[in-house]
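Q: for reference, the sequence and a predicted model appear below.
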2 protein chains.
Amino acid sequence: MTRSRSKYDSGCPVAYALDIFGDRWSLLVIRDMAVKGARTYGELLAGWEGISTNILAQRLKQLEQAGIITKQKDPDSGRSFVYELTQKGRDLAPVLIEIALWSGRYNPDPDAMTGFLDKITADRTGTEARMRAGERP
Amino acid sequence: MTRSRSKYDSGCPVAYALDIFGDRWSLLVIRDMAVKGARTYGELLAGWEGISTNILAQRLKQLEQAGIITKQKDPDSGRSFVYELTQKGRDLAPVLIEIALWSGRYNPDPDAMTGFLDKITADRTGTEARMRAGERP
DNA sequence: TTAATCACTTGCAAAACGCAAGCAATTAGG
DNA sequence: CCTAATTGCTTGCGTTTTGCAAGTGATTAA
């Protein structure tokens, strides 16, 4: 069969990207992995926002299919798997960073600052480089 | 009444942003305005991907409430309105740019290049500055 | 003064989502 | 060993969101 394209794909690069992570949860999963270093199903499930388990399973499959993450057996535990960002996934760091910087500028809630925003404000280039290199946070 | 917060708001800056444009269509509407200069309901409806009219109306209301766009009567025509990005909306330019650059790197479809990607590849800083200034494309 | 046009709204079927419960494969404890 | 807990999901089902089509009201062009 031919390579299927989403019904939304218009040839626009923004639309291509939104086909992959343009929903409520995908970018939050990527954020949990890129910023918080989450690597297992359980860690992702216990994220800040509370994704439901069936949606998480579905998103992980989609992200794996899209080449954003990989899934491997945990060598140290027969019952758990390790999810990791690929280079393609880690290269979303600048997107996460720009989104966070924008929110930092416009979110009126002073409590909304997190370590991530502090980090990129202090050293954007270094943080981005470390994220792209896949360094654990 | 107190200022309501979305059920997804976790204090994370990425989640704050996704509350506003973390869905299938909002960023595409913003792109049509920021990149293509769309300013009327009809222009937005005729966008590349074919948003349906009820969803467009709903998203425009949400984006207006979030302070991303404004809606004014067209002084030259009693039956049409002019939608414009606010500074908050225009400041999403770096987000759109990083998304497009990422897609340019990873979209295997060689037809997927658009004028926008060409522009930011040739002169990212200038294009970003012009978008933030609200210059018509 | 009749017909288009513009900016929506409404109705309804289909798809996606959210919650809770269940389940199979490990592994830790006794 | 046997049992219980943990991990990583899947299944059912009611609710919400989306997509398509048709309709509406206020201009405005012919």
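A: Yes, it's here.
Q: A:E84: neighbour count?
A: 13 (other CB atoms under 10 Å in any protein chain shown). Heads up, the C-betas are built off the backbone N, CA and C, glycines and all.
Q: ok, it touching A:I68?
A: No - in this structure A:E84 lies outside contact range of A:I68 using CB atoms under 8 Å: 10.2 Å.
Q: host element of the residue positioned nearest the centre of chain A?
A: Geometric centre of chain A, nearest residue: A:I30, 1.0 Å, by CA atoms, centre = their mean. Using DSSP states H and E, A:I30 sits in helix A:26-34.
Q: buried residues of the very next helix or strand once past that helix, list them for me.
A: Scanning forward in sequence from helix A:26-34 by DSSP H and E, the next helix or strand is helix A:41-45. Going by neighbour count (16 or more other CB atoms under 10 Å in any protein chain shown), the buried part of helix A:41-45 is A:41, A:44.
Q: try stretch A:64-77
A: A:66, A:68-69.
Q: A:L101 reaches A:K119, doesn't it?
A: No - with contact defined as CB under 8 Å, A:L101 does not count as touching A:K119 (11.3 Å).
Q: can you pull out the helices in chain A?
A: A:13-21, A:26-34, A:41-45, A:53-65, A:87-90, A:93-106, A:115-122, A:124-133 (DSSP state H).
Q: which one of those lies nearest to B:I55?
A: Ranking the helices of chain A by proximity to B:I55 (CB to CB) places helix A:13-21 first, at 14.3 Å.
Q: does chain B sit close to the closest one?
A: Yes - contact of helix A:13-21 with chain B (CB under 8 Å from any CB of the partner chain) involves A:13-18.
Q: of those residues, just say which sits nearest to A:T40.
A: Looking across the residues of helix A:13-21 next to chain B and measuring by CB to CB, the closest to A:T40 is A:A17, at 26.2 Å.
Q: closest residue of chain A to DNA strand C?
A: As assessed by CB to the nearest atom of the strand, DNA strand C sits closest to A:G78 within chain A, at 2.6 Å.
Q: show me the contacts for that residue.
A: Contacts of A:G78 were listed using CB atoms under 8 Å, 6 or more residues apart in numbering or on different chains, and none were found.
Q: shaky segments in chain A?
A: Within chain A, the ranges that satisfy pLDDT under 70 run A:1-9, A:110, A:112-113, A:134, A:137.
Q: neighbours of the closest residue to A:G42 other than its chain neighbours, how many?
A: Using CB to CB, 6 or more residues apart in numbering or on different chains and skipping residues adjacent in sequence, the residue nearest A:G42 is A:S80, 7.6 Å away. The number of residues packed near A:S80 is 12, by other CB under 10 Å.
Q: ditto for A:I51
A: With other CB under 10 Å as criterion, A:I51 counts 20.
Q: and what of the one 3 residues further on?
A: Neighbour count of A:N54, defined by other CB under 10 Å: 8.
Q: please report how far it lies from B:E98.
A: 31 Å (CB to CB, to the nearest Å).
Q: how about A:A46?
A: 28 Å.
Q: more crowded one of those two?
A: Each of A:A46 and B:E98 has its neighbours counted (other CB under 10 Å); B:E98 has more, 22 against 12.
Q: for the more buried one, give me its contacts.
A: A:94-95, A:97-98.
Q: tell me how many other residues surround A:Q87.
A: 13.
Q: so who does the residue nearest to A:A93 when sequence neighbours are not counted touch?
A: Leaving aside its chain neighbours, A:A93 sits nearest to A:M131 (3.8 Å; criterion: CB to CB, 6+ apart). A:M131 sits next to A:34-35, A:90, A:93, A:96 when contact means CB under 8 Å, 6+ apart.
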